[in-house]
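>>> let's see this in three dimensions:
(2 chains)
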Amino acid sequence: MAHAYTPGLKVLHETKIDKERRLPLKGTVTVEKGKFVTPDDIVAKTDLPGNVQMVNVANQLNIDADDVNDAMIAKEGTSVSKGEMIAETKGLFGLFKTNVTTPVDGTIEVISDTTGQVVIREAPIPVEIDAYMSGSIKSVIPEEGVVIESEGVFIQGIFGIGGESRGDLAVIVDNREDEITEEMLTSELEGKIIVGGSFISLKAYKKAIQLKVAGVVVGGFNYFDLEDILGYTLGVAITGSEDLVTSLIVTEGYGKIRMGTQTFDLLKEHHGKFASVNGATQIRAGVIRPEIVIPLTKDQLKGDHKDADASEGIQAGSLVRVIRAPFFGRMGKVIDLPSELRKMESETMVRVAIIEIDGKNVEIPRANLEMVETD
Amino acid sequence: MELKSILATDCGSTTTKAILIEKIDGEYRLSVRGEAPTTVEAPFEDVTKGVLNAVMEVEELAGRKLLDGDNIMTPRNGEEGVDIYISTSSAGGGLQMMVAGVVKGMTGESAERAALGAGSIVMDVLASNDGRKPHEKITRIRQLRPDMILLSGGIDGGTTKHVVELAEILAAANPKPRLGSDYKLPVIYAGNKNASNKIDETLGEITDLDLTENIRPVLEMENLKPSRDKIHDLFMEHVMQQAPGYKKLMSWTDAPIMPTPGAVGALIEMVAEKENISVVGVDIGGATTDIFSVFQKQFNRTVSANLGMSYSICNVLAESDLKNVLRWVPFDIDEKELTNRIGNKMIRPTTVPQSLEELVIEQAIAREALRLSFIQHKAFAVNLKGVQKERTISDAFEQTDSGESLVDMMELDLMVGSGGVLSHAPRREQSARMLIDSFLPEGITQLAVDSIFMMPQLGVMANIEKEELAEDARNAAIEVFEKDCLIRLGTCLAPVGNAKPGAIVLIVELTLPNGDIQKHEIKFGDIVRIEVPYEPIKAKLTPGKGMDIGAGKNESIETTIYGGVVGIILDGRGRPMGISTDPKQRISDLSKWSKAVNEYPELKV
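Next comes the predicted model:
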């Protein structure tokens, strides 16, 4: 049977989820294999090298770089406190001395007799990594981090902003066509992950931030409104480091687009459960999509597993979503995958799929289809 | 050894492309090509898998054996295997470098030019006078994590203080390479030779330091080649070693693997030298746009890192402004809807335009991406700054005047476009229009596109250093470039100047090879297409009053020009070219120009 590979976003009822939690530099792993962790538990920690300040002692004392070593009171390796004198000229008969003080607390790392610069390194910066989701430690990467294993719901969005967040899931619309409006947002939603249907306006999203909502999951958002939130025009889709109280996860795309049925129904089914979300998106080689993870307990699992990594191609009968105009955002069923190239209205010659949308068969380039992977 | 068959691959970030070149009846021709997804990332994490898959496709199409299990068969044994196998690579994001120089506009710029010329992406240029405080520079170095750093500064015998200061900043940052944590970051020092010992003292232990000749031994001269060669060596020795599967790939190839843009640049440089012409080459991709040029025998390359047609399409919009994109769209469209559509292309980068309206919008954005990239290129491809007068480095600190751009559109002979939006446009007329509208060639300019983007493979082929192979490989590269790689679109004739609407700006008399004589006139504000194939045509070009077609105002020219798959395009829109700000007039003009070259099917909007 004809089949084709096409990118797809995962909407999985029940799957094994592995999450790697890795330090930016080598450090200490604080948990052992097999231990059960909750999202706030620290799993690894390290110290990043401290910031560096450079002080040009030769310039400040008006002496040659060669003479800097003689003028230094604090030698390489000594600890110094902010405001402490680190170098001083001999002066004239012990008078008219000039000196240099350190602008920060730190350690004298280097004294250069070529440039007259003194390098002062500040105290190390501690970094801790938490577990992000509840689960058990599947494996330990020595000195670097851990892999946490869990079972539950795993949903990918198409685009997001803001990093990791978590809270109880609250579906606040009745159906997937509905927008999240300002009126729906109340102080009770503080710390929750709210789910809407097709759209959230800039005003409503700003209100969610104001109310300290932990995250918003919604079908669409306006591209041009991002600038207002981020403070710059988003030129390339690499996000996740924004300092936002409320992470935003868009499941379908820019504009007003109703949320996919599978996604909406699944989120609705788990209304009230605790979820971890991450808005980080990277659309480049090594693509990262935003995600919603709802770990389930043993008694909540039904046992009909599907591996999160399994992705099959589309074939006749597959459920797909059209991801470019015309028919953008529509779902359909694959009827046929003809092998020969077809000419589109744009005269582009492409491989197509015949899709049934609302009872009608239409030709869509395979590149413009997204597999809806469900279990 | 006589080269009879050459296998070449280009491992891109998404696709690995393989071509087979064979000598048949005394001439080198592309015989078949194949491609397969690149396998640098999980679950494969071995680039050779993708190479083997692409070669397997070539094997099937060529109908002869090239692989022996998981090995490429070299040397050739009768009908089996190939004489040599070569490759380029840009997988894993290509070569990402940071460069440093004492004065931003001088050694900083020379270092940038060397790094770009070697095919790398320059993430940042550090300089003593870049306005950043030392701790800001240190933070920046740590954040970027480049694959390699090129440090330069000072003329030989000049002051050493500033360049050592830069080295101290690098040492304090103690940068870690992007790939792999178990090796030291390669740093190339190409500055004042008198500072070499101090640089070694400062950086020798914590980095993998390599010393080479000064990039700017005297103010009046740039010496980029030693640094460029060193970058290629270290790319092979360090960076490639860290990428999954490359050790194996390197053991297969008969010449060092080159970074893809480095190979393209080498080819363009060679073509310009051989034909003694000025060339502009452009490769517009999903994330970046590369521009290469050779003017006055000087090669330059720039990478506009965030101007591309998918991953960075929104950045084109941000940098050019929506109005500038819309001026190329011959219909009215809601601005908010348009930005959402472009945003959706960014987050779903692999989609293709199905409707004509989508295609027109995409090509409008391409015009702006190309235009902006070319502005950046013109600003960078300049004569050396700070020459003519004898100065010391400290004088040079105060010097702010910039060098003159080498790019002279009237001097330009050949423009080559490549990248999806240019190479795969449904009609070649669209590619020609995009090149003309965004680069605005002046006088007589030949246009071409690289049909299947094989310039990288040909570039590495032209640079094989093994003596016994070098000449044959170089000839093969040139022959295939001319016969199979380039699709000759035709020639653009664009008189420079302005005139009143309706005034005649150019009269063209053509004598075709069969003796037929044609006479054409073009009025100001019009475009005319003359359909003639790629063959030498004698032409007499007489510019209208106040216009210049290359010999000066009002001066006519007799020369030989070439047609092509599109033909000869007379562009009477003047230079500089203006587009009406009145929407009605703009739409009418755009539709008229489109129709003149048969750019689009009838647009129903």
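>>> any part of stretch B:138-156 near chain A?
Yes: with CB under 8 Å from any CB of the partner chain as the criterion, chain A is reached by stretch B:138-156 at B:138-139. In this view, the C-beta of every residue, glycine as well, is placed from N, C-alpha and C.
>>> where in the stretch 501-605 of chain B is pLDDT low?
Within the stretch 501-605 of chain B, the segments meeting pLDDT under 70 span B:603-605.
>>> residues of it that sit close to chain A?
Going by CB under 8 Å from any CB, the residues of the stretch 501-605 of chain B near chain A are residue B:601.
>>> all the helices of the stretch 201-350 of chain A, in order from the start?
If DSSP state H, counting those that start in this stretch is used as the criterion, the helices of the stretch 201-350 of chain A fall at A:202-210, A:226-230, A:261-269.
>>> start and end of stretch B:525-543, how far apart?
14 Å (CA to CA, to the nearest Å).
>>> now do the buried residues in that stretch.
In terms of neighbour count (16 or more other CB atoms under 10 Å in any protein chain shown), stretch B:525-543 has its buried residues at B:525-530, B:532, B:534, B:537, B:539, B:541-543.
>>> and of those, the nearest to chain A?
residue B:529 (18.0 Å; CB to the nearest CB).
>>> how near is the closest one to residue B:493?
11 Å (CB to CB, to the nearest Å).
>>> shared neighbours of the two, anything?
Any residue near both residue B:529 and residue B:493 by CB atoms under 8 Å, 6 or more residues apart in numbering or on different chains counts here, and that gives B:568-570.
>>> out of those residues, which is nearest to residue B:520?
Taking CB to CB as the measure, residue B:520 lies nearest residue B:570 of these, at 6.5 Å.
>>> list the contacts for that closest one?
Per CB under 8 Å, 6+ apart, neighbours of residue B:570: B:493-494, B:506, B:508, B:520, B:522, B:526-530.
>>> that one - that's part of a strand, no?
Yes: Residue B:570 forms part of a strand when assessed by DSSP: H, G, I helix; E, B strand; the rest coil.
>>> next one, pLDDT for the residue most central in space within chain A please.
The centroid of chain A falls nearest to residue A:280 when counting by CA atoms, centre = their mean (2.0 Å). Residue A:280 carries a pLDDT value of 92.
>>> so it touches residue A:165, yeah?
No: assessed by CB atoms under 8 Å, residue A:280 is found out of contact with residue A:165, at 10.7 Å.
>>> identify the farthest-apart pair in the buried residues of stretch B:525-543.
B:525 and B:534 (28.2 Å).
>>> quick check: end-to-end length of stretch B:336-355?
19 Å.
>>> pop the domain breakdown of chain A in here.
A:52-121, A:158-289, A:314-374 (automatic domain parsing).
>>> pick the most deeply packed of those.
domain A:158-289 (a mean of 20; mean count of other CB atoms under 10 Å in any protein chain shown).
>>> that one near chain B anywhere?
Yes: legend: contact between domain A:158-289 and chain B by CB under 8 Å from any CB is shown at A:158-159, A:222-224, A:233-237, A:253-255, A:281, A:283-286.
>>> what's the spacing between that domain and its chain's center?
13 Å (CA atoms, centre = their mean, to the nearest Å).
>>> residue A:197 is in contact with residue A:261, correct?
No: between residue A:261 and residue A:197 there is no contact, the gap being 10.9 Å when judged by CB under 8 Å.
>>> do you know the pLDDT at the residue lying closest to residue B:58 once chain neighbours are set aside?
Distance criterion CB to CB, 6 or more residues apart in numbering or on different chains; nearest residue to residue B:58, sequence neighbours excluded, is residue B:34 at 4.1 Å. We have a pLDDT of 89 for residue B:34.
>>> can I assume residue B:34 sits in a strand?
Yes: assessed with three-state DSSP, residue B:34 lies in a strand.
>>> I'd say it and residue B:52 touch.
No: checked against CB under 8 Å, the pair residue B:34 and residue B:52 is beyond contact range at 10.8 Å.
>>> sorry, back to before: how about JSON lines for the buried residues of stretch B:525-543, with distance to residue B:251 added?
Formatted as JSON lines, those follow (distance: CB to CB, whole Å):
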{"residue": "B:525", "distance to residue B:251": "60"}
{"residue": "B:526", "distance to residue B:251": "59"}
{"residue": "B:527", "distance to residue B:251": "54"}
{"residue": "B:528", "distance to residue B:251": "56"}
{"residue": "B:529", "distance to residue B:251": "52"}
{"residue": "B:530", "distance to residue B:251": "53"}
{"residue": "B:532", "distance to residue B:251": "50"}
{"residue": "B:534", "distance to residue B:251": "42"}
{"residue": "B:537", "distance to residue B:251": "51"}
{"residue": "B:539", "distance to residue B:251": "53"}
{"residue": "B:541", "distance to residue B:251": "55"}
{"residue": "B:542", "distance to residue B:251": "61"}
{"residue": "B:543", "distance to residue B:251": "59"}
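>>> the residue nearest to residue B:58 pairs with what?
Counting by DSSP bridges, residue B:34 is bridged to residue B:18.
>>> look up how far residue B:319 lies from it.
Residue B:34 is 37 Å from residue B:319, by CB to CB.
>>> so where do the helices sit in the stretch 101-250 of chain B?
Ranges of helices in the stretch 101-250 of chain B, per DSSP H, counting those that start in this stretch, are B:109-117, B:134-144, B:161-173, B:196-203, B:225-234, B:240-242, B:246-252.
>>> contacting residues around whichever residue of the stretch 51-200 of chain A sits closest to chain B?
Closest residue of the stretch 51-200 of chain A to chain B, CB to the nearest CB: residue A:54 (3.9 Å). Residue A:54 makes contact with A:117-120, B:134-135, B:168-169, B:172, according to CB under 8 Å, 6+ apart.
>>> ok, now with 6 Å
Residues near residue A:54 by CB atoms under 6 Å, 6 or more residues apart in numbering or on different chains: A:117, A:119, B:134.
>>> was I right about the second one contacting residue A:111?
If I follow you right, that is residue A:119. No: contact between residue A:119 and residue A:111 fails when scored by CB atoms under 6 Å: they sit 7.9 Å apart.
>>> neighbouring contacts of stretch B:342-356?
Contacts for stretch B:342-356 (CB under 6 Å, 6+ apart): A:158-159, A:223, A:237, A:253-254, A:283, A:323-324, A:326, A:344-346, A:348, A:350, A:365, A:367-368, B:286, B:310-311, B:313-314, B:317, B:359, B:362, B:603.
>>> need the nearest residue in space to whatever residue of the stretch 201-350 of chain A ends up closest to chain B, chain neighbours excluded.
In the stretch 201-350 of chain A, the residue that lies nearest chain B is residue A:235 (2.8 Å; CB to the nearest CB). Closest residue in space to residue A:235, ignoring its immediate chain neighbours: residue B:315 at 2.8 Å, by CB to CB, 6+ apart.
>>> I'm done for today, thanks for sticking with me.
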